[in-house]
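Asks: no FASTA, just this:
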């Protein structure tokens with residue numbers, strides 16, 4: 001684990017196949033646990049597998065934790081990173097900084113615990129063991145090593161919440177940050193998949209940004225999650241509907257908006273085939289923000305064309321300046337929302 005050469009700040013030096021590419025699009029990375037001068041070497045303790053990726057692996061394994069474990073190990077062994085070849089998505093990790101290259105910027109020091117705010121689909125990763133797979137949350141206790149490039153953001157783990165909760169929230173912190181950016185007072189907004197962690201955090205920001213003069217719609221298929229949303233009082237309407245049924249979504253949104261539809265629709269659903277529901281819920285000239293990695297953007301683009309819908313479509317960039325602090329502070333500002341997420345992730349508590 002000695003320091004090696006400088007290395008490229010975007011991690012090009014780690015790309016093995018195909019040569020000359022960037023780490024995210026590469027098929028295989030060099031995940032040797034050494035620290036180049038422009039890198040952090042991290043002793044990994046827990047992964048948070050992206051929701052779409054974890055659902056896919058869980059279904060493929062027939063709900064068997066050992067089957068999920070094997071798929072994670074095989075993917076990391078084959079690709080040098082946790083990059084699901086079916087969904088194309090990854091997740092994120094937490095761990096302890098083992099070494100810091102001399103040209104790696106930032107104040108983080110060896111021994112500090114951090115969460116990487118970049119996808120596992122571009123993070124060199126070596127796993128020596130998987131100790132536990134939480135089938136409810138997608139969190140995985142592991143032993144291994146990872147590399148963070150100089151271009152990669154990270155966050156120090158907070159002292160006032162558990163690792164499991166911090167990891168869950170930081171995994172989706174791009175969603176509420178982007179929602180806070182694109183919404184304005186008085187707008188109508190719908191959140192599809194509103195009961196998940198990204199959906200709940202997005203609802204909170206939606207309510208804060210559109211204010212009392214705006215309208216917030218929460219669409220969620222699970223009744224238990226609908227009850228949780230109602231208890232938070234963040235939405236004007238909580239609509240139990242399957243986002244894979246675009247006509248049902250259109251009918252519901254048409255009814256509660258008197259046919260006006262939404263200015264902005266946020267898609268946080270973690271299963272495929274929800275692209276058209278988000279488009280149909282949105283007025284012409286409105287914006288669809290696809291945060292979910294289960295979205296197929298070809299289907300969204302061609303679907304909008306086929307429906308004759310003039311909507312602006314945004315890809316869910318997981319990065320925005322200050323996104324980690326915004327997400328963590330949301331839990332500090334809303335004890336009720338924090339309690340719901342703590343209850344979900346207490347199984348994975350430290």
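Replies: Received it, and whenever you're ready, just let me know what you need. Treat the numbers as computed from the prediction; the structure is a model and nothing was measured. Numbering: from 1, shown residues only.

Asks: In contact with the closest residue to residue 65 other than its chain neighbours, which residues?
Replies: Using CB to CB, 6 or more residues apart in numbering and skipping the chain neighbours, the partner closest in space to residue 65 is residue 133 (4.6 Å). C-beta coordinates here come from the backbone N, C-alpha and C atoms, glycine included. Contacts for residue 133 (CB atoms under 8 Å, 6 or more residues apart in numbering) come out as 65, 68, 69, 72, 140, 141.

Asks: If any of those are buried, give me the PyMOL selection for them.
Replies: To isolate in PyMOL the members of those that are buried, counting by 16 or more other CB atoms under 10 Å, one can use:
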select buried, resi 68+69+72+140+141
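
Asks: Of the contacts of residue 133, which belong to helices?
Replies: Using DSSP state H, the members of those that fall in helices are 65, 68, 69, 72.

Asks: would you list these in TSV and tack on distance to residue 178 and pLDDT?
Replies: Output for these, formatted as TSV (distance: CB to CB, whole Å; pLDDT from 0 to 100):
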residue	distance to residue 178	pLDDT
65	33	95
68	29	97
69	33	97
72	28	98
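
Asks: Okay, now the unreliable bits of the stretch 151-300 of the chain?
Replies: Judged against pLDDT under 70, the stretch 151-300 of the chain has no low-scoring part.

Asks: Please enumerate the helices of it.
Replies: With helices called from DSSP state H, counting those that start in this stretch, the stretch 151-300 of the chain shows them at 163-171, 174-182, 197-210, 223-232, 246-256, 275-280, 297-307.

Asks: can you give me phi and psi for the residue nearest to the spatial centre of the chain?
Replies: Most central in the chain under CA atoms, centre = their mean is residue 172, positioned 3.6 Å from the mean C-alpha point. Reported as degrees, to the nearest 10, the phi and psi values for residue 172 are phi -120, psi 20.

Asks: correct me, but it touches residue 197?
Replies: Yes. Judged on CB atoms under 8 Å, residue 172 makes contact with residue 197 at a distance of 5.4 Å.

Asks: excluding its backbone neighbours, what's nearest the residue nearest to the centre of the chain?
Replies: Looking at residue 172 with CB to CB, 6+ apart, the closest residue is residue 198, at 3.8 Å.

Asks: same thing with residue 178?
Replies: Ranked by CB to CB, 6+ apart and with sequence neighbours excluded, the top spatial neighbour of residue 178 is residue 320, at 5.9 Å.

Asks: burial of that neighbour, as a residue count?
Replies: Each residue near residue 320 was counted by other CB atoms under 10 Å, and the total is 17.

Asks: Wasn't it part of a strand?
Replies: No. Counting by DSSP: H, G, I helix; E, B strand; the rest coil, residue 320 is not part of a strand but coil.

Asks: give me every residue that touches it.
Replies: Counting by CB under 8 Å, 6+ apart, residue 320 has contacts 174, 177, 178, 181.

Asks: Mind putting the ones in helices among the contacts of residue 133 into TSV with distance to residue 88?
Replies: Written out in TSV, the entries for the ones in helices among the contacts of residue 133 read as follows (distance: CB to CB, whole Å):
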residue	distance to residue 88
65	23
68	18
69	21
72	16
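
Asks: ok, which pair from those is furthest apart?
Replies: Within the ones in helices among the contacts of residue 133, two members stand farthest from each other by CB to CB: 65 and 72, at 10.6 Å.

Asks: measure stretch 263-275 end to end?
Replies: End-to-end distance for stretch 263-275: 16 Å, by CA to CA, to the nearest Å.

Asks: Just to be sure, residue 87 is in a strand?
Replies: No. Under the criterion used here (three-state DSSP), residue 87 is coil, not part of a strand.

Asks: ok, the residue nearest to residue 172 touching residue 269?
Replies: No. The pair residue 198 / residue 269 is not scored as a contact, 9.6 Å apart, by CB under 8 Å.

Asks: Overlap of the contact sets of those two?
Replies: Listed as contacting both residue 198 and residue 269 by CB under 8 Å, 6+ apart are residue 292.

Asks: Any idea how many residues pack against residue 112?
Replies: Residues near residue 112, counting by other CB under 10 Å, number 13.

Asks: list the contacts for it?
Replies: Residue 112 neighbours (CB under 8 Å, 6+ apart): 96, 97, 156.

Asks: So for the first one, what's the pLDDT?
Replies: Per-residue pLDDT puts residue 96 at 97.

Asks: Surely it is in a strand?
Replies: Yes. Counting by three-state DSSP, residue 96 is found in a strand.

Asks: Which parts of the protein are strands?
Replies: Applying DSSP state E to the chain gives strands spanning 15-17, 28-29, 39-49, 91-100, 113-116, 125-133, 139-149, 154-156, 188-192, 215-220, 237-240, 262-267, 282-290, 312-315.

Asks: Now render those strands as JSON lines, adding distance to residue 330.
Replies: Formatted as JSON lines, the strands of the chain follow (distance: least, CB to CB, whole Å):
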{"stretch": "strand 15-17", "distance to residue 330": "36"}
{"stretch": "strand 28-29", "distance to residue 330": "33"}
{"stretch": "strand 39-49", "distance to residue 330": "17"}
{"stretch": "strand 91-100", "distance to residue 330": "18"}
{"stretch": "strand 113-116", "distance to residue 330": "16"}
{"stretch": "strand 125-133", "distance to residue 330": "27"}
{"stretch": "strand 139-149", "distance to residue 330": "20"}
{"stretch": "strand 154-156", "distance to residue 330": "14"}
{"stretch": "strand 188-192", "distance to residue 330": "14"}
{"stretch": "strand 215-220", "distance to residue 330": "15"}
{"stretch": "strand 237-240", "distance to residue 330": "19"}
{"stretch": "strand 262-267", "distance to residue 330": "15"}
{"stretch": "strand 282-290", "distance to residue 330": "17"}
{"stretch": "strand 312-315", "distance to residue 330": "21"}
